[in-house]
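Novice: below are the sequence and a predicted model for it; my questions follow.
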Amino acid sequence: MKKIICFPFRGDNLGGSHIIALDIIKSLRKKKYKVIIVLHKKGKLSNYLKEKKIKFLFLPIKDFEITKKNIIFNFFSILKILFKITFFIKKNKINTIHTNTTDMHLLWLFPSKFIRSQIIWHLHAKFPSWPLFNILSKRADKFIAISNYVLNSVPKKLKNNTFLLRNCIKTNFVKTNKKKNSLKLRNSLGINKDTKIILFFSNFYKRKQPYMFIKIAKKILMSSKKDFFFLMAGDDRDITRAMLLKEIKKSKLQNNFCLYKFQNDKNYIISGSDLLITPSIEEPFGLTLIESMEIGTPVIALKSGGHKEIIRNNYNGILINKNEADIYMKKIYKLFNNNNLRNKIIKNEKTYLKNNNNFNHYVKNLIKIYQVGM
């Protein structure tokens with residue numbers, strides 16, 4: 001009899017780790033595993049699942065927040081819902097719990113220990129250094145690191161139970177109609193066909209450096225005679241859309257700038273753009289980079305965190321050594337003025353993915369991790 005696996009999520013937000021998890025869940029279900037998705041709140045993820053007709057269970061938890069600063073508050077938040085989650089695990093005969101975010105790691109840890117279910121913490125970010133996380137992490141059964149950068153942040157005492165499983169996307173290498181998507185995107189933005197679209201595609205966290213993207217736009221628009229348009233797509237996090245719009249207006253970039261909310265149909269946005277810029281500092285992996293590579297959109301990224309594990313400079317993308325707008329501008333001009341380099345990068349993106357992104361192999365390795373020690 002195959003194990004019953006549970007993926008718990010908050011439910012009110014949606015990001016790259018959710019998309020990867022949902023692709024994993026679909027593949028596990030095809031392999032006849034029983035997989036339960038459980039949400040604690042209604043919002044973006046619950047709406048997305050309904051739209052995609054993906055089944056899930058709702059286990060409402062009204063008030064819970066996990067913070068770095070208040071260890072006592074965190075501890076009582078976890079205890080408050082201990083029995084509710086414990087009862088849910090027992091009722092559904094769950095054997096393995098696969099968590100993907102810090103709050104879910106901590107909220108589901110104690111219940112898993114009560115029922116003696118296996119709990120796996122999938123680390124989509126650098127290992128947190130705050131006290132409660134370090135104390136409770138010793139009780140988790142296994143950890144999955146999405147990159148060497150994340151793996152190297154895991155404490156030595158936990159390394160024996162940590163597995164490296166680099167993020168992976170489902171690829172079909174169907175030729176994307178970039179010309180059609182480009183025209184569609186330009187029409188929606190009200191710009192002409194010769195205008196170059198430079199894209200920032202990420203939720204607005206400080207570490208994603210959205211203000212740096214605005215600085216790059218300002219530098220280019222002040223110095224270039226060519227037509228450029230800058231597009232940002234993402235949702236509010238510790239930086240909001242209102243804050244970014246204020247900076248855009250202050251820099252007088254409104255005529256060449258647009259902010260979109262997070263797009264479910266991200267392929268159309270990435271495909272219609274001419275270049276993706278990712279100035280993130282200490283990025284755990286860089287999922288948008290490989291999504292862009294599949295579509296054939298060149299990428300320029302800061303040489304930081306997991307970016308260095310994906311991009312070989314001037315081979316399948318361009319890496320920036322210093323997070324300065326002048327340097328980004330020079331590399332952007334180089335890419336648009338050198339067709340041979342641009343075409344080489346696009347060609348090598350496909351080669352890189354074929355050699356490094358096998359989703360079936362990824363799922364097989366995940367199943368092996370589930371089974372280790374059981």
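Specialist: Sure thing, it's come through. Computed from a predicted structure; not experimentally measured.
Novice: could you use CA atoms for every contact and neighbour count after this?
Specialist: Fine.
Novice: what helices and strands are in contact with the biggest helix by length in the chain?
Specialist: In the chain, assigned by DSSP state H, the helix with the most residues is helix 339-356. The contact analysis (3 or more CA pairs under 8 Å, 6 or more residues apart in numbering; DSSP states H and E) places helix 339-356 against helix 287-295, helix 325-337.
Novice: list of residues touching the last one?
Specialist: Going back to what we said before, that points to helix 325-337. Helix 325-337 is contacted from outside by 212, 215-216, 219-220, 300, 318, 320, 341-342, using CA atoms under 8 Å, 6 or more residues apart in numbering.
Novice: how far away is the nearest residue to Leu158 once chain neighbours are set aside from Thr171?
Specialist: Nearest non-adjacent residue to Leu158, counting by CA to CA, 6 or more residues apart in numbering: Lys138, 7.2 Å away. Per CA to CA, to the nearest Å, Lys138 is found 36 Å from Thr171.
Novice: that older thread, tell me what angle the longest helix of the chain forms with helix 287-295.
Specialist: Angle, helix 339-356 to helix 287-295, by axes from the mean of the first three to the mean of the last three CA atoms, to 10 degrees: 110 degrees.
Novice: quick one: buried residues of helix 339-356?
Specialist: For helix 339-356, a neighbour-count test (16 or more other CA atoms under 10 Å) marks 341-342, 345-350, 352-353 as buried.
Novice: give the contact list for the closest residue to Ile311 other than its chain neighbours.
Specialist: Among residues not flanking Ile311 along the chain, Gly317 sits closest, at 5.7 Å (CA to CA, 6+ apart). Residues near Gly317 by CA under 8 Å, 6+ apart: 298-301, 311, 345, 349.
Novice: which of Lys138 and Thr171 has more neighbours?
Specialist: More neighbours surround Thr171 than the other of Lys138 and Thr171, with 15 against 11 (other CA atoms under 10 Å).
Novice: in a helix, that one, correct?
Specialist: No: using DSSP: H, G, I helix; E, B strand; the rest coil, the assignment for Thr171 is coil, not a helix.
Novice: tell me the spacing between the closest residue to it other than its chain neighbours and Phe228.
Specialist: Nearest residue to Thr171 in three dimensions, chain neighbours excluded: Glu294, at 7.0 Å (CA to CA, 6+ apart). Distance of Glu294 to Phe228, given as CA to CA: 24 Å.
Novice: could I get the average pLDDT for the helix or strand containing Ile367?
Specialist: Take DSSP states H and E as the rule and Ile367 turns out to sit in helix 359-371. Helix 359-371 comes out with an average pLDDT of 96.
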